[in-house]
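**Student:** How does the following fold in three dimensions:
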Amino acid sequence: MDQGPSFELGTSCAVDNGGCDPLVACSMGGGTVDCGPCPEGYSGSGVTGCVDVDECASDNGGCGSAAFYACTNRVGAAPTCADIDECTDGTAGCDLHATCVNQVGAAAECICEAGYVGDGMTCALDPCDGATVCAGTWPATSTPYSFECVPRVPTYVCQGQLPTWDVTDDALTRSGRFEVRSGSDGVLGTADDTVLDLVTSLEWERLPPSGTYTQAEAVVRCQGLSIAGGGFRLPEKSELESLVDPTRANPAIDTSAFPQPIGTSYWSRTPYVPGFDQGFSLTSFNGRTEIAADTSAKSARCVR
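**Tutor:** Okay, the predicted model is just below:
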């Protein structure tokens, strides 16, 4: 107890709380006023005065990051914490053509509207929206073609039509190019394995089954492949050719990343334009691209 000035016994605490702070208890003992401690949430003493502790002034009151939470001090009580809704207060920085989605305890998410692409902070008209630039029919042979249109604002890339990666020998033969990943089972050497190519950024099925397919069947197989979250497709000719290692032969591919029977021939989804009912495949034995009837039986290694 804090001791205050002396008063006559029995009269001091009844007058002005004995000189103690109004928030503390006053008691008498031995002719001396005793002032109790300040209550929780206050600093100081009952004699000199109790001062509210602003918990928000230290570590944002324990609310979390001040960038995402607002701390409000309450006199004599714990502070209140509230998520900062950047979408409401206009601090999210989303583009005019983006939808703002508040995230509790994190930065708001900005999502470009349909028909626009970008990171949400900046959105531009999607050059692939409604476009047929990557699909059509070759006039000479009426052969249909279709490539995935990938926005590269302000233009686009027809994925797989032409290489969009470094095609130098140094890049294609560099050490550590391929990153082998185990699938959902967490065990390497099973059908769930994938291989990430750090040069092309493509992720490949590592251990395709030993079956063979027509080109159309290979397309369907890859579309239905569900390993590692799915989203696979049959590769284009240029993508399949990117796996060829010019320093290797028999097979001309990195077998530590892609163990396989020597001589296996794999379908691409790219049609051979000058001819009818033909497509491109690649033989791993020598790394050569071949033209084959689209009904030929070949293997299929899927990519995403």
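**Student:** and residue 219, what helix or strand is that in?
**Tutor:** Residue 219 belongs to helix 215-223 when assigned by DSSP states H and E.
**Student:** all helices for the stretch 151-300 of the chain, in order.
**Tutor:** Here the stretch 151-300 of the chain has its helices, by DSSP state H, counting those that start in this stretch, at 169-172, 215-223, 237-241.
**Student:** could you dump those helices to TSV with mean pLDDT, mean neighbour count and distance to residue 85?
**Tutor:** In this view, the C-beta of every residue, glycine as well, is placed from N, C-alpha and C. Listed next are these as TSV, based on pLDDT from 0 to 100; neighbours: other Cβ atoms under 10 Å; distance: least, Cβ to Cβ, whole Å:
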stretch	mean pLDDT	mean neighbour count	distance to residue 85
helix 169-172	78	13	46
helix 215-223	94	19	41
helix 237-241	90	21	44
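**Student:** As JSON lines, those with distance to residue 108 would be great.
**Tutor:** Formatted as JSON lines, these follow (distance: least, Cβ to Cβ, whole Å):
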{"stretch": "helix 169-172", "distance to residue 108": "38"}
{"stretch": "helix 215-223", "distance to residue 108": "35"}
{"stretch": "helix 237-241", "distance to residue 108": "36"}
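**Student:** Figure out which of these is closest to residue 65.
**Tutor:** helix 169-172 (40.9 Å; Cβ to Cβ).
**Student:** Kindly export the closest one (C-alpha atoms) in PDB.
**Tutor:** Only the C-alpha atoms of helix 169-172 are listed here, as PDB (Å, rounded to 0.1, in the frame of the first residue of the first chain):
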ATOM      1  CA  ASP A 169      23.200 -25.000 -76.100                       C
ATOM      2  CA  ASP A 170      24.600 -23.500 -72.900                       C
ATOM      3  CA  ALA A 171      21.000 -23.100 -71.500                       C
ATOM      4  CA  LEU A 172      19.700 -26.400 -72.700                       C
END
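**Student:** quick one: contacts for residue 303?
**Tutor:** 202, 203, 204, 205, 222, 232, 233, 234, 235, 239 (Cβ atoms under 8 Å, 6 or more residues apart in numbering).
**Student:** One more: residue 108?
**Tutor:** Taking Cβ under 8 Å, 6+ apart, one finds 85, 86, 87, 92, 94, 100, 101, 102 in contact with residue 108.
**Student:** Same question for residue 293.
**Tutor:** Counting by Cβ under 8 Å, 6+ apart, residue 293 touches 277, 278.
**Student:** Okay, it and residue 237: tell me how far apart.
**Tutor:** Distance, residue 293 to residue 237, by Cβ to Cβ, to the nearest Å: 16 Å.
**Student:** Restrict stretch 42-50 to CA atoms and write it as CSV.
**Tutor:** Provided in CSV are the C-alpha atoms of stretch 42-50 (Å, rounded to 0.1, in the frame of the first residue of the first chain):
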residue,chain,number,x,y,z
TYR,A,42,-3.2,1.9,-15.4
SER,A,43,0.3,2.9,-14.5
GLY,A,44,1.5,5.2,-11.6
SER,A,45,0.6,4.9,-8.0
GLY,A,46,-2.4,5.6,-5.8
VAL,A,47,-0.6,8.5,-4.2
THR,A,48,0.8,10.3,-7.3
GLY,A,49,-2.1,9.4,-9.6
CYS,A,50,-3.1,6.6,-12.0
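**Student:** on that earlier part again, go through the helices of the stretch 151-300 of the chain and name the closest to residue 189.
**Tutor:** When these are compared by Cβ to Cβ, helix 215-223 sits nearest residue 189, at 21.2 Å.
**Student:** Thought residue 242 was touching residue 282, still the case?
**Tutor:** No - counting by Cβ atoms under 8 Å, residue 242 is not a contact partner of residue 282; they are 10.1 Å apart.
**Student:** Neighbour count: those two, which is higher?
**Tutor:** Remark: of residue 282 and residue 242, residue 282 carries more neighbours, 26 against 22, as counted by other Cβ atoms under 10 Å.
**Student:** how about the nearest residue to that one, chain neighbours excluded?
**Tutor:** Among residues not flanking residue 282 along the chain, residue 240 sits closest, at 4.7 Å (Cβ to Cβ, 6 or more residues apart in numbering).
**Student:** can you check residue 247 too?
**Tutor:** Nearest non-adjacent residue to residue 247 (Cβ to Cβ, 6+ apart): residue 173, at 5.2 Å.
**Student:** What about the one you found, how many residues nearby?
**Tutor:** 14.
**Student:** Tell me how far it lies from residue 252.
**Tutor:** 11 Å.
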